[in-house]
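In: Have a look at this prediction, sequence included:
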Amino acid sequence: MASSTVGSTADALSDLHIDDSVPNLRKNLAILSPQQVELAKMLVQMNQSHLFEHWPEPGVDDDEKLAFLDQVARLNASYPGGLKSYIKTARVLLADSKAGKNPYDGFSPSVPSGETLTFGDDNFVQFEEAGVREARKAAFVLVAGGLGERLGYNGIKVALPLESTTGTCFLQHYIESILALQEASCRLAQGEGPTEIPFAIMTSDDTNSRTIELLEKNDYFGMKPTQIKLLKQEKVACLDDNDARMAVDPNNKYRIQTKPHGHGDVHSLLYSSGLLKEWLGAGRRWVLFFQDTNGLLFKAIPSALGVSATREYHVNSLAVPRKAKEAIGGITKLTHKDGRTMVINVEYNQLDPLLRASGYPDGDVNSETGYSPFPGNINQLIFEIGPYLEELSKTGGAIKEFVNPKYKDSTKTAFKSSTRLECMMQDYPKTLPPSARVGFTVMDAWFAYAPVKNNPEDAAKVPKGNPYHSATSGEMAIYRANSLVLKKAGVKIDDPVQQVFNGQEVDVWPRIVWKPKWGLTFSDVRSKVSGNCYITGKSTLAIKGQSIYLEDLALDGALVIDAVDGAEVKVGGSVHNAGWVIENVDFKDTSVPEEVRIRGFKINKVEQLDKLYNEPGNYSLKP
């Protein structure tokens with residue numbers, strides 16, 4: 001059997017006139033399966049013969065040779081169109097990069113149409129209600145392929161505490177928010193349509209097992225395990241030169257060096273897994289994408305989903321007001337001189353030269369509003385599933401890619417280190433026809449955007465007035481947002497004080513947190529606050545139950561209140577105690593856990609009033 005395989009494969013290689021160029025491959029044919037031979041032929045055809053140059057005689061390192069072709073098979077299967085397509089695309093993009101080709105050549109930028117919301121007004125409330133009603137027809141996708149190393153944290157980012165008051169981690173908060181939406185939506189719909197909201201998480205080799213462990217250890221944070229689907233993305237081959245020759249792993253000559261391809265892989269994974277088809281068949285209409293460490297996101301989801309449903313957007317990008325030249329992409333309408341149009345995110349370093357080349361001599365500048373007219377992209381996206389699936393069926397889930405080689409010199413003939421193709425999930429609209437309805441929803445950043453992505457040292461170097469995007473600022477943003485929401489609902493709250501943690505000056509508001517089921521929307525919060533309520537600046541308020549009502553509450557200290565579902569609690573009167581105190585922590589102090597160090601503070605729980613109501617009923621707390 002082996003000899004016939006050798007004969008047929010040798011003939012096949014001979015037909016391609018390449019057997020003399022890869023003698024080390026030819027003499028190892030007997031150890032390969034027919035499928036592996038086909039992969040080897042493909043590599044040789046695509047000018048990758050160098051991958052076999054070091055192969056020794058049969059009988060030496062055979063397991064490593066087979067493992068190499070197993071890796072090739074995985075790389076081939078995980079990329080839309082296979083490795084042939086990857087290499088061909090790479091050659092085109094590398095040639096364009098070497099030539100300095102402008103990807104926006106021939107395009108003129110303008111501000112697209114979208115919806116700008118003002119928190120708490122009637123329009124906002126109507127969109128929120130519409131979004132809650134639609135939520136039962138939605139699916140959520142969390143892009144969570146990265147570790148927290150950039151933050152100074154060695155775990156997976158979704159395991160980081162969202163805030164220190166309750167210690168709730170990001171993944172728990174996201175799941176509890178989806179469950180709260182699910183319950184509220186089904187209550188409004190009264191049995192119409194699906195009753196469970198599915199949740200997909202895109203992981204990587206780095207995060208997959210740890211994400212599973214976090215979910216299992218915590219009983220999936222209350223969600224049914226069957227609602228959650230993990231999709232693991234594969235890496236892509238690194239490239240050594242402008243001819244797209246794949247790089248050999250410097251630590252193992254029988255491996256191709258690989259690096260992450262980017263979060264744009266989420267589209268091909270959703271398509272190839274069959275999830276989109278399954279969701280559409282179950283009557284779902286929307287898929288919502290979000291990234292791993294934005295603790296404010298779900299405050300913005302209901303109204304943004306309401307905008308998608310009301311405006312019938314195929315693609316809706318959540319956005320925030322953007323300062324000119326701020327390091328955040330701008331949502332832009334591009335019109336080509338041949339008439340083509342698209343609405344996409346243009347990265348901040350590309351937007352300014354694009355504007356200057358298109359008749360705007362000042363480039364990226366603020367308008368009379370004090371902000372750029374181009375909304376700031378925050379990479380939270382809402383797609384209508386039907387048109388989305390139809391488009392992916394044409395592309396196989398492939399997204400427009402880019403390459404960013406670091407050249408050794410101005411000749412651009414050699415790289416400092418290997419490169420690879422990359423893709424971003426927000427580039428999906430680049431493939432859409434002009435008839436696609438692509439819009440945006442702008443909300444104030446205090447309400448919608450507080451990512452945690454910078455370590456303390458990098459955050460401390462951020463120019464004054466620019467967002468830190470650190471664990472420190474991310475947590476303080478939660479307290480600020482909740483304080484401002486309660487203020488809008490009629491609660492009197494002390495102004496914040498400024499403090500410095502890990503070299504970052506931040507506003508410190510009362511530490512107010514609540515479970516999503518208590519205040520999913522502004523209407524929910526407003527309905528649970530009455531009378532004259534007042535919270536002092538030193539206070540901490542943690543609300544964990546659903547039917548807890550604040551009525552003439554004067555809080556000066558710490559109050560933690562919980563109630564089982566079905567227990568209705570009215571909280572009022574005066575609560576005064578020593579409370580919980582914020583204490584500085586040096587991020588270099590290794591005696592303190594990483595998740596505390598990167599914030600620059602810890603909470604000393606000196607004294608609190610802690611109330612738990614275990615039985616359904618109607619209670620009134622008058623301390």
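Out: It's in. Residues are numbered from 1 along each chain as shown.
In: Just want the most central residue of the chain.
Out: By C-alpha atoms, centre = their mean, the chain has its centre lying nearest to residue 291, at 1.7 Å.
In: Please verify my assumption that that one contacts residue 143.
Out: Yes: in this structure residue 291 lies within contact range of residue 143 using C-beta atoms under 8 Å: 5.3 Å. For glycine as for every other residue, the C-beta is placed from the backbone atoms N, C-alpha and C.
In: so what's in contact with the two at the same time?
Out: Contact criterion C-beta atoms under 8 Å, 6 or more residues apart in numbering; residues bridging residue 291 and residue 143 by contacting each: residue 263.
In: Give me the residues contacting the helix or strand harbouring residue 129.
Out: Using DSSP states H and E, residue 129 falls within helix 122-134. For helix 122-134, the surrounding residues in contact (C-beta under 8 Å, 6+ apart) are 115, 117-118, 181, 184-185, 188-189, 285-286, 301-310, 520-523.
In: hmm, back to that, what's near enough to touch the residue nearest to the centre of the chain?
Out: Here residue 291 is in contact with 142, 143, 144, 263, 379, 380, 451 (C-beta under 8 Å, 6+ apart).
In: Turn these into a markdown table, including pLDDT.
Out: As requested, these are exported to a markdown table (pLDDT from 0 to 100):
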| residue | pLDDT |
| --- | --- |
| 142 | 97 |
| 143 | 95 |
| 144 | 90 |
| 263 | 92 |
| 379 | 91 |
| 380 | 95 |
| 451 | 93 |
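In: Serialize these to TSV and add fields for neighbour count.
Out: Below are the contacts of residue 291 laid out as TSV (neighbours: other C-beta atoms under 10 Å):
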residue	neighbour count
142	25
143	22
144	25
263	24
379	21
380	23
451	20
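In: can you map out the strands along the stretch 151-300 of the chain?
Out: Remark: strands assigned in the stretch 151-300 of the chain by DSSP state E, counting those that start in this stretch are 199-203, 228-232, 236-237, 258-259, 286-291.
In: Equivalent analysis for the stretch 401-550 of the chain, please.
Out: When assigned using DSSP E, counting those that start in this stretch, the strands of the stretch 401-550 of the chain occupy the ranges 401-403, 421-423, 438-442, 492-493, 497-501, 504-508, 511-514, 529-530, 534-535, 540-543, 548-556.
In: which residues sit against the fifth one?
Out: In other words, strand 497-501. 472, 505, 506, 507, 508, 537, 582, 584, 585, 599, 600, 601.
In: likewise the longest one?
Out: Under the contact criterion C-beta under 8 Å, 6+ apart, strand 548-556 has outside partners 491, 518, 528-536, 538-539, 541, 561, 563, 568-577, 579.
In: ranges for the helices of the stretch 201-350 of the chain?
Out: For the stretch 201-350 of the chain, the helices defined by DSSP state H, counting those that start in this stretch cover 208-217, 265-273, 275-281, 297-311, 348-356.
In: ok, back up a step: adding mean pLDDT, mean neighbour count and distance to residue 430, write the strands of the stretch 401-550 of the chain out as TSV.
Out: Shown next, in TSV, are the strands of the stretch 401-550 of the chain (pLDDT from 0 to 100; neighbours: other C-beta atoms under 10 Å; distance: least, C-beta to C-beta, whole Å):
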stretch	mean pLDDT	mean neighbour count	distance to residue 430
strand 401-403	93	18	10
strand 421-423	94	22	10
strand 438-442	95	24	11
strand 492-493	98	16	44
strand 497-501	96	15	40
strand 504-508	96	18	36
strand 511-514	98	24	39
strand 529-530	96	17	45
strand 534-535	98	20	47
strand 540-543	98	24	43
strand 548-556	95	20	47
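In: quick one: which of these is nearest residue 227?
Out: strand 511-514 (23.2 Å; C-beta to C-beta).
In: name the helices or strands packed onto that closest one?
Out: Judged by 3 or more C-beta pairs under 8 Å, 6 or more residues apart in numbering; DSSP states H and E, strand 511-514 is in contact with helix 471-488, strand 540-543.
In: Which residues does stretch 298-312 contact?
Out: 115, 117, 124, 126-135, 138, 173-174, 177, 181, 285-286, 288, 313, 316, 318, 380, 382, 384, 437, 439, 441, 443, 447-448, 481, 485, 516, 520-521.
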